[in-house]
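[1] Quick one, what's the 3D model for this:
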Amino acid sequence: MAKEPIDRPATDAEHSPAGDPAEYTAVDRRWRLWAMAVVIVALLAAGLLGLVLIPAGQRDTSHLSMKHAMRRAAGLEPGSPAVPQPLARAKSLPVSQVSWDPAIMRILAGGNTQRGAQLAAQTCSTCHGDKGLSQTNIPSLAGQSPYAIYKQLHDYRTNARSHPDMSPVAKKLQPADLAAVAAYFAEASKEYTAIGGRDLLGEENIERLAHEGDSHRRIPACLSCHLNGVGGPIETPVIIGQSREYLQHQLDSYAAGTRKNDVYGRMRDIARKLTPEERAELARYFQGTL
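    Purely as a prediction, here's the structure:
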C-alpha cells in the first residue's frame, strides 16, 4: 500500500532560482529578447545614419552618385564621400633613390681624384666653372660637401629631379662616376671662399627666419641645416652665396611642388609656409655680399 506524502515546510533551497527553473527561465528569456531587440535597433539606426543619411547629404558637394558615396562610407572604395577625390594618373616614383653604400662613401671621402677631374673637365666645367665657382645664375659647386653634390647628380640620373641640361649629363654617368665628380669639386674648391663664406645683410624679420625660424608656423631656421657641419642631413647643400635668381627659383619650385626630390618633403612643407615675398627676400639675403 502506497504511503501518503507528508506535508512539511518548504526549505530555502526550494524557493531559490534553481528550485523553480520554469519561472526563472521565462523571466530570463524575456529580458534577453528585449536586450537583443535594443542592440539590433541600435545597429540598424547606426547603419542607416552612417551608410545612407550622411552620404546622401555629402554626395552633392563631392559630385558623387549615391552608390559611390555609400561605397566610400562603407570603406569599399578609396576616398571620402565628403571631399571630391580627383583621379591621379601620374606615375608614382620615390622622391629620391640615392643610397649611401660603402663603395660610394669611400669615393666621396677620397677627395680630388684623376677620374673626377677628368669627368669634371669634360662635362661640368663649361657651366659650373673650372673648380665649381660659377659666374652666372648656374649654381656654384665650390664650397659644397661631396654628399650634397652627389645627391643632386644622382637625383638627376634617376628622374627624382629634372632639368633639360643636367638630366642627360647625369644619365650618361654611372653612380661611381657621379661620386668621383662630387668628390673632385668638393676638394678642389677648398682654396676658394666661394659659397658659404659671404657676409649676410637683410631685414630683421628675414634674419630671424634664417637664424631662428618661426615656431608659430613650424618653420625651422634655414641655417640649422644649410651650413656644412651644423648637424643636418649630410646631403643638405650650403646656400650662402648662391645667386638670388637660382635660390628664389628653387624655393618657388618647392612651394609649387614642381621640385620634389627633398626627402620627407621637408623643403616643400617649409616653402609653402613662406609667403612669396619671404621667399624672394630670403633668396636675396642668402646671396649675401662679397
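
[2] helices and strands of this protein: which one has the lowest mean pLDDT?
    Ranked by mean pLDDT, DSSP states H and E, the helix or strand of the chain with the weakest confidence is helix 54-62, at a mean of 71.

[3] Pull out the buried positions in the helix or strand that that helix is followed by.
    Scanning forward in sequence from helix 54-62 by DSSP states H and E, the next helix or strand is helix 66-73. Residues of helix 66-73 classed as buried: 68, 69, 70, 71, 72, 73 (neighbour count, 16 or more other C-beta atoms under 10 Å). No exception for glycine: its C-beta is placed from N, CA and C like everyone else's.

[4] Skipping its backbone neighbours, what lies nearest residue 259 in space?
    Using C-beta to C-beta, 6 or more residues apart in numbering and skipping residues adjacent in sequence, the residue nearest residue 259 is residue 253, 3.7 Å away.

[5] in what helix or strand does that neighbour lie?
    Using DSSP H and E, residue 253 sits within helix 244-256.

[6] contact partners of stretch 199-212?
    Stretch 199-212 has contacts (C-beta atoms under 8 Å, 6 or more residues apart in numbering) with 214, 219, 221-223, 240, 274, 278, 281-282, 284-286, 288-290.

[7] Would you mark the buried spots in stretch 104-117?
    Result for stretch 104-117 [16+ other C-beta under 10 Å]: buried residues 104, 107, 108, 110, 112, 113, 115, 116, 117.

[8] nope, stretch 178-194 is what I was after
    Residues of stretch 178-194 classed as buried by neighbour count (16+ other C-beta under 10 Å): 178-189, 192, 194.

[9] So what's the gap between that stretch and the chain middle?
    Between the centre of stretch 178-194 and the centre of its chain there are 30 Å (C-alpha atoms, centre = their mean, to the nearest Å).

[10] One more: stretch 109-122?
    On the basis of C-alpha atoms, centre = their mean, stretch 109-122 sits 34 Å off its chain's mean C-alpha point.

[11] Residue 104 and residue 182 touch, don't they?
    No. Using C-beta atoms under 8 Å, residue 104 is not in contact with residue 182; the gap is 9.4 Å.

[12] Now the common contact residues for those two.
    Joint contacts of residue 104 and residue 182 (C-beta under 8 Å, 6+ apart) are residue 150.

[13] Is residue 228 in contact with residue 196, as I believe?
    Yes. Between residue 228 and residue 196 there is a contact at 6.6 Å, judged by C-beta under 8 Å.

[14] Looking at these two, which is more packed in?
    Per other C-beta atoms under 10 Å, whichever of residue 228 and residue 196 has more neighbours is residue 196, with 22 against 16.

[15] Got phi/psi on the more buried one?
    When read as degrees, to the nearest 10, the backbone of residue 196 gives phi 90, psi 0.

[16] any idea how far it is from residue 52?
    63 Å (C-beta to C-beta, to the nearest Å).

[17] now that we have the contacts of stretch 199-212, which one has the most neighbours?
    Greatest neighbour count in those, by other C-beta under 10 Å, goes to residue 286: 26 neighbours.

[18] residues in contact with it?
    200, 210, 222, 239, 240, 241, 242, 244, 247.

[19] got the residues you listed as TSV, with pLDDT and distance to residue 44 columns?
    Formatted as TSV, the contacts of residue 286 follow (pLDDT from 0 to 100; distance: C-beta to C-beta, whole Å):
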residue	pLDDT	distance to residue 44
200	86	68
210	95	61
222	96	58
239	92	62
240	90	66
241	87	69
242	90	65
244	92	66
247	96	61
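
[20] could those residues be laid out in JSON lines, adding secondary structure?
    Listed next are the contacts of residue 286 as JSON lines, based on DSSP: H, G, I helix; E, B strand; the rest coil:
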{"residue": "200", "secondary structure": "coil"}
{"residue": "210", "secondary structure": "helix"}
{"residue": "222", "secondary structure": "helix"}
{"residue": "239", "secondary structure": "coil"}
{"residue": "240", "secondary structure": "coil"}
{"residue": "241", "secondary structure": "coil"}
{"residue": "242", "secondary structure": "coil"}
{"residue": "244", "secondary structure": "helix"}
{"residue": "247", "secondary structure": "helix"}
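
[21] Okay, helices next: where are they in the stretch 51-200 of the chain?
    Ranges of helices within the stretch 51-200 of the chain are 54-62, 66-73, 102-109, 114-123, 125-128, 146-157, 166-171, 175-188, based on DSSP state H, counting those that start in this stretch.

[22] Alright, calling it a day.
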